[in-house]
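Student: coordinates only, sequence not included:
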DNA sequence: GCCAACGTTGGC
DNA sequence: GCCAACGTTGGC
């Protein structure tokens, strides 16, 4: 089993939105490196840290679980969606998504600032300079520590 | 709004 | 294959 961190802008899709709907496709990934991991490495039952980016307090706000492995991201074919890509052919899809299910919302969200201040998190991909990937694997000990801080 | 750090595109 | 121009991400 692999642990992950998925980023989302809360004014677009937040942990509260996920809690309301329960299960949701993680669509709109339009970066090849992220796509490859989403398509090939994100597996059923994997645990995901839900991260709020580009907001007042960036940080991890909860946990969700992968409940469906990669399938074509149909929003790419839909010109009215938030992220259409006319270059993705339904017969040979370029982009993929997975389904995630809400698991928990932290009582104490773990802010990016807080994580930067703790030496335990040094080396975590989230804190690496220039990291712009919207999803990446997280070491188990980092995952466990975020949970301990958040709950 | 600014800007660093990427990633992508397209001419050559 | 190189690289300039442009676009995006995301913290601050």
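Tutor: Arrived safely. This one's a predicted model, so the numbers in the text were calculated from it and none came from an experiment.
Student: List the buried residues of the lengthiest strand in chain A.
Tutor: Counting residues, the longest strand found in chain A (DSSP state E) is strand A:96-111. Across strand A:96-111, burial judged by 16 or more other CB atoms under 10 Å covers A:96-100, A:102, A:104-106, A:109-111. All C-beta spots, glycine's among them, are computed from the backbone N, C-alpha and C.
Student: Closest one to DNA strand B out of those, please.
Tutor: residue A:96 (14.0 Å; CB to the nearest atom of the strand).
Student: if we can go back for a sec, ok now the longest strand of chain A, how far from the chain's centre?
Tutor: Taking CA atoms, centre = their mean, to the nearest Å, the mean C-alpha location of strand A:96-111 is offset from the chain mean by 8 Å.
Student: So the residue located most distally from the centre of chain A versus residue A:77, what's the distance?
Tutor: Most distant from the centre of chain A: residue A:91, at 26.3 Å, with distances by CA atoms, centre = their mean. To residue A:77, residue A:91 is 10 Å away according to CB to CB, to the nearest Å.
Student: Could you do residue A:24 as well?
Tutor: 18 Å.
Student: Equivalent analysis for residue A:25, please.
Tutor: For residue A:25, the distance to residue A:77 - CB to CB - is 14 Å.
Student: same thing with residue A:27?
Tutor: For residue A:27 relative to residue A:77 (CB to CB), the value is 11 Å.
Student: Give me the more crowded residue out of these two.
Tutor: Ranked by neighbour count (other CB atoms under 10 Å), residue A:27 and residue A:77 place residue A:27 first, with 19 against 16.
Student: Could I get the phi/psi values of the more buried one?
Tutor: Here is the backbone geometry of residue A:27 (degrees, to the nearest 10): phi -100, psi 180.
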